[in-house]
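A.B. asks: attaching a predicted model along with its sequence, questions to come.
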Amino acid sequence: MPGFPDSIRGQLVLLIVAALAVAQAISLWLFVDERSLAVRAALGSEAAARAANVARLIEEAPEPLHEAILRAADSPLVRFGIAGRPEVDHRDHRGTGAVEARIRALLGDRERDIRVELHEVVGSVMPLPHMSSDMAQMHLAMMEGQLAAIEMRLSIALSDGRWLNVATRFQRPPLQWAWASALSFGLTAALLLIAAFWFILTRITRPLKHLSRAADRLGRGEATAAIEPAGPSEIRDLACAFNRMQERLSRFIGDRTRLIAALSHDLRSPLTAMRVRAEMIDDAESREKLVVSIEEMQEMVDGTLAFARGMATSEPTERADIAAFLATLRDDMAAGFGIEAEPGLIARIRPKSMRRALRNVIENGLRYGGEVEVAVKRTGEMIELCVRDRGPGIPEAEQERVFEPFYRIEKSRSRDTGGAGLGLAIARTIIHGHGGSIELANRTGGGLEVRIRLPADTG
């Protein structure tokens with residue numbers, strides 16, 4: 001995913017920061033909402049107290065003073081009026097119980113009919129009805145015209161049968177950034193990130209890097225010391241499992257190599273005896289055929305031993321300049337080949353094994369194509385060697401099978417047209433042992449291209 005950290009350390013740090021940010025946002029939202037509820041409750045309680053006091057004054061004062069009491073009680077956000085019917089024609093029990101209970105407690109009357117309606121004003125906050133123009137302007141100035149508001153309407157039955165109707169609005173408290181919370185979030189995030197960096201770096205990523213490098217060396221066939229288990233239990237278990245796997249692989253390869261070497265040694269003695277006896281045959285034609293068969297058997301034994309040794313990892317690796325290595329190989333071979341190589345391309349190889357692998361590939365090209373050219377270039381983290389010839393090529397259906405031991409496209413088994421069918425099998429075994437790859441492709445216009453990729457060594 002583009003922009004998303006690829007490493008464990010980066011992903012864990014991102015996870016910690018994201019979790020802290022979400023937790024802080026939820027905390028601030030809860031804090032702001034709690035503050036809003038508290039302010040609304042306080043304003044509702046104050047409006048209820050005013051309404052109860054005005055109702056008591058109306059009931060205790062003479063009729064001529066009622067209008068004066070209402071004018072004195074009115075404000076930009078609260079309007080009082082007396083009518084023959086209630087403006088609230090139903091009871092709203094959602095969040096109004098506290099207001100009704102407050103009014104009853106102040107009036108000391110549990111039987112009085114008190115109706116409360118509470119709802120949110122959506123859209124522009126307009127002045128309350130029946131306000132004077134001056135009061136409406138004051139209301140708009142206080143509410144800033146567009147602020148969301150809560151409207152509460154009360155209808156309180158009076159003792160003379162009339163109703164005291166009250167309408168009030170109060171704005172929702174604005175959101176405020178709590179700088180103390182922001183500072184707390186920053187300090188907490190910094191401390192957690194410092195602790196996470198130390199823990200992740202020393203306890204997780206460092207052991208994993210050691211394990212990754214060891215696995216890469218093992219894949220290239222290099223000798224690798226056992227890893228010292230470190231870090232959390234899961235990583236320690238992984239290191240122990242890697243050590244056991246490495247030990248078993250080394251033991252398996254060593255046992256198989258010794259077995260095939262012993263078999264090859266044991267077969268050489270009877271083959272030598274057969275060769276001696278064959279020379280004693282008087283019939284020249286029979287003697288020649290028998291000698292050819294014995295030599296073919298000897299070649300297969302030697303090839304099998306070479307194939308097994310290609311799997312072994314006893315030869316130490318060295319840093320080598322590929323261009324110089326190819327030039328030395330060309331000097332050692334009887335037939336030459338062209339080299340086109342970028343300078344300074346370094347790889348870690350086992351020189352003897354790699355020389356055998358490249359020799360097999362190049363000799364195949366010389367045998368079937370007459371001339372060979374080797375091009376070397378850097379491709380990402382790999383060094384690519386392209387061995388090209390102008391021979392007949394290989395059918396695509398056969399290009400994977402030619403890497404199988406003893407498989408030959410030419411079925412006559414004649415030594416004049418090829419060996420025992422182990423050359424490419426040995427080459428692939430050696431190249432895979434270096435952590436590389438080998439593949440074949442027919443060239444446009446005729447010929448074969450063998451692409452060999454080896455891990456580049458950056459020092």
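C.D. replies: Cool, the structure landed.
A.B. asks: average model confidence for whichever strand or helix holds residue 20?
C.D. replies: Residue 20 belongs to helix 8-60 when assigned by DSSP states H and E. Per-residue pLDDT values across helix 8-60 average out to 73.
A.B. asks: tell me the helix or strand right after it.
C.D. replies: Using DSSP H and E, the helix or strand that follows helix 8-60 towards the C-terminus is helix 66-73.
A.B. asks: buried sites along the next helix or strand after that following helix?
C.D. replies: On the C-terminal side of helix 66-73, the nearest following helix or strand under DSSP H and E is strand 78-83. Of all the residues in strand 78-83, those buried under the rule 16 or more other C-beta atoms under 10 Å are 78-80, 82. Any C-beta I mention is one placed from the backbone N, CA and C, and that applies to glycine too.
A.B. asks: want to try JSON lines for the residues you listed, with distance to residue 393 as columns?
C.D. replies: Output for the buried residues of strand 78-83, formatted as JSON lines (distance: C-beta to C-beta, whole Å):
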{"residue": "78", "distance to residue 393": "98"}
{"residue": "79", "distance to residue 393": "99"}
{"residue": "80", "distance to residue 393": "103"}
{"residue": "82", "distance to residue 393": "108"}
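A.B. asks: low-confidence ranges in the stretch 151-300 of the chain?
C.D. replies: Low-confidence segments of the stretch 151-300 of the chain, defined by pLDDT under 70: 170-182, 185, 200-202, 219-223, 253, 257, 260-261, 264-265.
A.B. asks: so where do the helices sit in it?
C.D. replies: Counting by DSSP state H, counting those that start in this stretch, one finds helices in the stretch 151-300 of the chain at the ranges 179-199, 206-219, 233-279, 284-311.
A.B. asks: may I see the ones you listed arranged in TSV, with mean neighbour count and distance to residue 60 as well?
C.D. replies: Putting those into TSV (neighbours: other C-beta atoms under 10 Å; distance: least, C-beta to C-beta, whole Å) gives the following:
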stretch	mean neighbour count	distance to residue 60
helix 179-199	12	49
helix 206-219	15	84
helix 233-279	13	80
helix 284-311	16	110
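A.B. asks: list the contacts for residue 15?
C.D. replies: By C-beta atoms under 8 Å, 6 or more residues apart in numbering, the contact list for residue 15 is empty.
A.B. asks: swap in residue 457?
C.D. replies: Applying C-beta under 8 Å, 6+ apart to residue 457 gives the contacts 319, 346-348.
A.B. asks: hey, what's the nearest residue to residue 166 once chain neighbours are set aside bridged with?
C.D. replies: In space, and not counting its chain neighbours, residue 166 is closest to residue 154: 4.0 Å by C-beta to C-beta, 6 or more residues apart in numbering. The bridge-partner assignment for residue 154, based on DSSP bridges, gives residue 116, residue 166.
A.B. asks: wait, isn't residue 154 in contact with residue 114?
C.D. replies: Yes: proximity of residue 154 to residue 114 meets the contact threshold set by C-beta atoms under 8 Å, at 7.3 Å.
A.B. asks: what's the domain layout of this protein?
C.D. replies: As recorded under automatic domain parsing, the domains making up the chain are 8-171, 200-314, 315-455.
A.B. asks: related to what we said a few turns ago, residue 154 and residue 114: who's more crowded?
C.D. replies: Between residue 154 and residue 114, counted using other C-beta atoms under 10 Å, the more crowded position is residue 154 (30 against 25).
A.B. asks: give me the distance between the more buried one and residue 240.
C.D. replies: Using C-beta to C-beta, to the nearest Å, one obtains 76 Å as the distance from residue 154 to residue 240.
A.B. asks: so what's the residue nearest to residue 166 up against?
C.D. replies: Neighbouring residues of residue 154 by C-beta under 8 Å, 6+ apart: 47-48, 51, 88, 99, 103, 114-117, 164-168.
A.B. asks: circling back to that earlier point, among the domains of the chain, which is nearest residue 191?
C.D. replies: Smallest distance to residue 191 across those (C-beta to C-beta): 10.6 Å, for domain 8-171.
A.B. asks: can you list the helices of the stretch 151-300 of the chain in CSV and add distance to residue 378?
C.D. replies: CSV is the format used below for the helices of the stretch 151-300 of the chain (distance: least, C-beta to C-beta, whole Å):
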stretch, distance to residue 378
helix 179-199, 34
helix 206-219, 19
helix 233-279, 30
helix 284-311, 26
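A.B. asks: about what we covered before: closest one to residue 183 among the domains of the chain?
C.D. replies: Ranking those by distance to residue 183, with C-beta to C-beta as the measure, places domain 8-171 first at 11.2 Å.
A.B. asks: just to revisit the earlier point, any idea which of the domains of the chain is most buried?
C.D. replies: Burial among the domains of the chain, expressed as mean neighbours by mean count of other C-beta atoms under 10 Å, is greatest for domain 315-455, which shows a mean of 17.
A.B. asks: residues shared between the contacts of residue 154 and residue 114?
C.D. replies: The contact sets of residue 154 and residue 114 overlap at residue 103 (C-beta under 8 Å, 6+ apart).
A.B. asks: dump the domains of the chain into a markdown table; add distance to residue 186 as well.
C.D. replies: Output for the domains of the chain, formatted as a markdown table (distance: least, C-beta to C-beta, whole Å):
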| stretch | distance to residue 186 |
| --- | --- |
| domain 8-171 | 10 |
| domain 200-314 | 21 |
| domain 315-455 | 40 |
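A.B. asks: residue 193: what's it in contact with?
C.D. replies: The neighbours of residue 193, taking C-beta under 8 Å, 6+ apart as the test, are 13, 16-17.
A.B. asks: ugh, typo on my part, it should be residue 399
C.D. replies: Residue 399 makes contact with 439-441, according to C-beta under 8 Å, 6+ apart.
A.B. asks: excluding its backbone neighbours, what's nearest residue 54?
C.D. replies: Spatially, and ignoring its direct neighbours in sequence, residue 54 is nearest to residue 73 (4.8 Å; C-beta to C-beta, 6+ apart).
A.B. asks: just checking, that neighbour touches residue 47?
C.D. replies: No: counting by C-beta under 8 Å, no contact exists between residue 73 and residue 47, whose distance comes to 11.0 Å.
A.B. asks: residues touching residue 371, list them.
C.D. replies: Residue 371 sits next to 337-338, 389-390 when contact means C-beta under 8 Å, 6+ apart.
A.B. asks: run the last query once more with 10 Å
C.D. replies: With contact set as C-beta atoms under 10 Å, 6 or more residues apart in numbering, residue 371 has these partners: 335-338, 365, 388-391, 447.
A.B. asks: that older thread, residue contacts, the residue nearest to residue 54?
C.D. replies: 50-51, 53-54, 57-58, 79-80, 164, 166.
A.B. asks: residue 437 too?
C.D. replies: In this structure, residue 437 makes contact with 382, 384, 428, 431, 451-454, judged by C-beta under 10 Å, 6+ apart.
A.B. asks: then residue 390?
C.D. replies: Counting by C-beta under 10 Å, 6+ apart, residue 390 touches 365, 368-373, 443, 445-448.
A.B. asks: what about 7 Å?
C.D. replies: Residues in contact with residue 390, defined by C-beta atoms under 7 Å, 6 or more residues apart in numbering, are 369-371, 446-447.
A.B. asks: what's the answer for residue 388, then?
C.D. replies: Taking C-beta under 7 Å, 6+ apart as the definition of contact, the neighbours of residue 388 are 372-373, 443, 447, 449.
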